[in-house]
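[1] only geometry, no sequence info:
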């Protein structure tokens with residue numbers, strides 16, 4: 001709904017080009033249509049599937065209703081009830097005849113214009129009519145203030161319906177690139193999975209031990225110094241740090257490539273060369289990914305552990321002769337990690353989904369940059385596709401969090 005109602009969509013962009021101007025083209029052309037005809041407007045509207053209502057378009061995307069897989073339209077001549085419409089993707093055409101009651105008949109013609117007796121080819125195709133009143137309503141909705149040409153003929157639309165939506169495992173094709181959305185997401189996801197997986201390993205592998213040490217060494221020089229470091233990292237946005245790293249470590253010192261992942265000649269390298277290429281192209285983005293997460297995870301681990309170390313059951317265990325190390329790791333640690341387990345799924349979702357700004361800074365073709373470009377280009381099928389995958393990742397992350405809680409919390413069981 002937001003995509004359809006927000007200004008500047010693909011339909012409006014196309015009309016702006018045809019009207020010969022930038023955003024104010026409608027006002028500038030308010031006296032005439034700038035050569036834009038009704039048939040041309042209908043072609044654009046049908047191309048972007050704006051001839052369907054909002055809810056019908058959503059149900060088509062879901063795959064609940066049949067959408068127009070292919071279509072073509074043409075106007076009836078003023079003095080006749082027959083029109084010839086080329087069949088998309090073939091050398092055939094269809095002769096559509098309109099009767100006085102609004103019904104239509106269709107006949108398949110070959111390249112020579114002769115009747116083709118091929119009912120199996122004609123069977124999937126249907127025809128619908130668009131009346132002058134319907135076209136006039138569409139004109140006023142898109143070109144309000146621009147006079148409509150007086151002579152508007154009936155229009156026939158030849159289309160091949162079919163269920164091709166989310167329920168059928170399809171997310172459609174990108175309007176800008178004409179590639180399947182599923183394929184575009186599949187191509188970008190490994191990059192985000194790489195950075196997300198390595199980031200998770202670094203964050204949990206460093207933050208949990210560091211939080212334990214900070215809790216045990218509370219208010220020591222090690223605790224104070226590490227707090228200074230992690231809070232400094234937390235205060236620096238990852239994309240801002242990325243810009244600094246690109247300028248100094250990349251452009252000035254030449255230690256690392258300026259962007260991209262992996263390198264252009266990655267496929268031609270041997271195993272050692274590929275490993276080095278991954279390190280060189282991935283080091284700076286990884287630093288930006290993890291630097292802001294250290295403070296939250298480290299302080300959560302420290303505070304939880306300190307709270308449980310001061311609880312009665314830990315003091316009782318130590319009073320009965322339990323060694324301090326055993327009291328920390330056997331009793332307090334397991335309960336301290338329960339809140340961290342609840343956030344595990346959310347971290348997975350964020351890291352796998354990628355960081356839009358970090359991928360933008362380093363020109364990494366990951367899932368985050370795909371979302372960013374889809375929004376900039378107002379590519380509706382691609383936006384809906386990445387939105388669906390993001391929502392699916394969130395649901396998977398919630399399930400993972402529940403499973404992690406069941407593993408560390410003895411009070412929770414899914415039996």
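    Received it, and whenever you're ready, just let me know what you need. Keep in mind that this is a model prediction, so the values were computed, not measured.
[2] going forward, measure contacts between C-alpha atoms and count neighbours the same way
    OK.
[3] Below-threshold pLDDT in the protein: ranges please.
    Counting by pLDDT under 70, the ranges of the chain that qualify are 20-35, 348-355, 413-415.
[4] need the longest helix for it.
    In the chain, with assignment by DSSP state H, the single longest helix is helix 181-216.
[5] For it, buried residues please.
    181-182, 184-185, 188-189, 191-196, 198-200, 203-204, 207-208, 210-216 (16 or more other CA atoms under 10 Å).
[6] Could you list every helix and strand in contact with that helix?
    helix 221-235, helix 271-291, helix 294-309, helix 344-353, helix 367-376, helix 380-408 (3 or more CA pairs under 8 Å, 6 or more residues apart in numbering; DSSP states H and E).
[7] Mind checking what helix or strand follows the first one in sequence?
    This points to helix 221-235. As assigned by DSSP states H and E, the chain's next helix or strand after helix 221-235 is helix 238-245.
[8] Going along the chain, name the helices of the stretch 1-150 of the chain.
    2-5, 10-18, 25-28, 38-47, 54-62, 119-122, 132-142 (DSSP state H, counting those that start in this stretch).
[9] mind putting these in CSV, distance to residue 361 included?
    Formatted as CSV, the helices of the stretch 1-150 of the chain follow (distance: least, CA to CA, whole Å):
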stretch, distance to residue 361
helix 2-5, 26
helix 10-18, 26
helix 25-28, 34
helix 38-47, 34
helix 54-62, 33
helix 119-122, 51
helix 132-142, 37
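[10] Tell me which of those sits nearest to residue 398.
    Of all the helices of the stretch 1-150 of the chain, helix 54-62 sits nearest to residue 398, with 23.5 Å by CA to CA.
[11] ok so, going back, switch the helices and strands packed on helix 181-216 over to a markdown table; also include distance to residue 161.
    Converted to a markdown table, the helices and strands packed on helix 181-216 look like this (distance: least, CA to CA, whole Å):
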| stretch | distance to residue 161 |
| --- | --- |
| helix 221-235 | 53 |
| helix 271-291 | 45 |
| helix 294-309 | 52 |
| helix 344-353 | 34 |
| helix 367-376 | 26 |
| helix 380-408 | 18 |
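[12] Adding mean neighbour count, write those helices out as JSON lines.
    JSON lines is the format used below for the helices and strands packed on helix 181-216 (neighbours: other CA atoms under 10 Å):
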{"stretch": "helix 221-235", "mean neighbour count": "15"}
{"stretch": "helix 271-291", "mean neighbour count": "18"}
{"stretch": "helix 294-309", "mean neighbour count": "20"}
{"stretch": "helix 344-353", "mean neighbour count": "21"}
{"stretch": "helix 367-376", "mean neighbour count": "20"}
{"stretch": "helix 380-408", "mean neighbour count": "18"}
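[13] And residue 382, how far from residue 393?
    16 Å (CA to CA, to the nearest Å).
[14] now residue 201
    Residue 201 is 19 Å from residue 393, by CA to CA.
[15] again, but for residue 311
    37 Å.
[16] Serialize the helices of the stretch 1-150 of the chain to JSON lines and add fields for distance to residue 226 and mean neighbour count.
    Below are these laid out as JSON lines (distance: least, CA to CA, whole Å; neighbours: other CA atoms under 10 Å):
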{"stretch": "helix 2-5", "distance to residue 226": "45", "mean neighbour count": "11"}
{"stretch": "helix 10-18", "distance to residue 226": "51", "mean neighbour count": "17"}
{"stretch": "helix 25-28", "distance to residue 226": "58", "mean neighbour count": "16"}
{"stretch": "helix 38-47", "distance to residue 226": "58", "mean neighbour count": "18"}
{"stretch": "helix 54-62", "distance to residue 226": "50", "mean neighbour count": "17"}
{"stretch": "helix 119-122", "distance to residue 226": "72", "mean neighbour count": "12"}
{"stretch": "helix 132-142", "distance to residue 226": "60", "mean neighbour count": "15"}
